[in-house]
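1. Okay, sequence plus prediction incoming.
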Amino acid sequence: MEFAIVCSLIFVALTFDYINGFHDAANSIATVVSTRVLSPGKAVIWAAFFNFVAAFGFGTAVAKTVGSGMIDVHAVTFLVIFAGLFGAIVWDIITWYYGLPTSSSHALIGGYAGGAVAHAGLGVIIASGWTKTLIFIVLAPTIGLVLGFGLMTAIYWLFRGFAPSRVDRWFRRLQLLSASLYSLGHGANDAQKTMGIIAGVLFAAGYIQQFYIPLWVVLSAHAAIALGTLSGGWRIIHTMGSKITRLQPVGGFAAETAGAVSLFTATALGVPVSTTHTITGAIVGVGATRRLSAVRWGVAGRIVWAWILTIPISAFISSTTYWVLSHLLALR
């Protein structure tokens, strides 16, 4: 019976990872699609390939932070994990429906925390892990914005004497490179969050005696997020690619490169950041180099509100789910 429960939870975790790729496909490909460098079909294949390749060479520091650095792993039960995943999946589906590019990562950690607190109280929260994550909620989009603005300004200055058609032709090719780098960063950071949850399931069941990430978990998490990216999330791609600001290939290159640098840095530090926050900040920074009015601040404002609500709402859904299921199980 326990083995069946473990397999079911791993399946639910990989389902979340698939939805994460589906929901966050926009992060990897919105810019390259909106600039017409790649068609939507080719773009998702390009991004999915690099999402999977990220399994090799980026370590598991983020996975360990999510799995054991934010919640006391000894307080984690199967029901806590299920409630956390359910809360994250429900919030992802709601925000996908409305085309809001929110953070699947923050939905997951919010849901995980909500289920754990409902089970064992606030004492299960590990403050140090949450401090880094909460700081990067503000820092990730800010870094993306500053790098996007700075890189775009530098490109304008360096290529000021070149014909626009020539610059466009060069950056259409360079955007393939920047899109691949961003997809690598997306896969490296986001897939690791699901790895941490699956490792938590294995630890709770006693299949591993100390918390670590087995290789099969790494490969399956990257495969799931890559398959999700292949499915695409067209509602959010439209918001990210054209509603915030209009991009040319040179702007797409600057935004993707700025986002990739931010993600590689966070992944090396073991911080579970939002790829959504990062690329949105970079796109806003690129748009602001033309003029502040080039950014649709009303759309950006709605996105920021969705970011603010992600952790508390996913935690609320998760804790409610835990409370309902625990009472139903007690009545049996």
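-> Right, received. Where do you want to start?
2. Only C-alpha atoms from now on, for both contacts and neighbour counts.
-> OK.
3. got the residue ranges for the helices in the protein?
-> 2-34, 40-53, 61-68, 78-97, 104-120, 127-158, 164-205, 215-231, 234-238, 249-269, 275-288, 297-331 (DSSP state H).
4. so where is the stretch 201-332 of the chain shaky, pLDDT-wise?
-> 232-247, 291-303, 332 (pLDDT under 70).
5. now the helices of the chain as JSON lines including mean neighbour count?
-> Shown next, in JSON lines, are the helices of the chain (neighbours: other CA atoms under 10 Å):
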{"stretch": "helix 2-34", "mean neighbour count": "24"}
{"stretch": "helix 40-53", "mean neighbour count": "23"}
{"stretch": "helix 61-68", "mean neighbour count": "25"}
{"stretch": "helix 78-97", "mean neighbour count": "23"}
{"stretch": "helix 104-120", "mean neighbour count": "27"}
{"stretch": "helix 127-158", "mean neighbour count": "19"}
{"stretch": "helix 164-205", "mean neighbour count": "23"}
{"stretch": "helix 215-231", "mean neighbour count": "23"}
{"stretch": "helix 234-238", "mean neighbour count": "21"}
{"stretch": "helix 249-269", "mean neighbour count": "25"}
{"stretch": "helix 275-288", "mean neighbour count": "29"}
{"stretch": "helix 297-331", "mean neighbour count": "18"}
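6. List the contacts of the nearest residue to residue 66 once chain neighbours are set aside.
-> Excluding its sequence neighbours, the residue lying closest to residue 66 (CA to CA, 6 or more residues apart in numbering) is residue 196, at 5.4 Å. The contact partners of residue 196, taken as CA atoms under 8 Å, 6 or more residues apart in numbering, are 62, 63, 64, 65, 66, 67, 68, 213.
7. any idea how far the fourth one is from residue 273?
-> Shown here: residue 65 relative to residue 273, a distance of 11 Å by CA to CA, to the nearest Å.
8. ok, now the fifth one?
-> Counting by CA to CA, the gap from residue 66 to residue 273 is 11 Å.
9. ok so, going back, for the contacts of residue 196, which one is nearest residue 153?
-> residue 62 (32.1 Å; CA to CA).
10. nearest spatial neighbour of that closest one, skipping sequence neighbours?
-> Closest to residue 62 by CA to CA, 6+ apart is residue 270, at 4.2 Å.
11. List the backbone torsions phi and psi for that neighbour.
-> phi 80, psi 20 (degrees, to the nearest 10).
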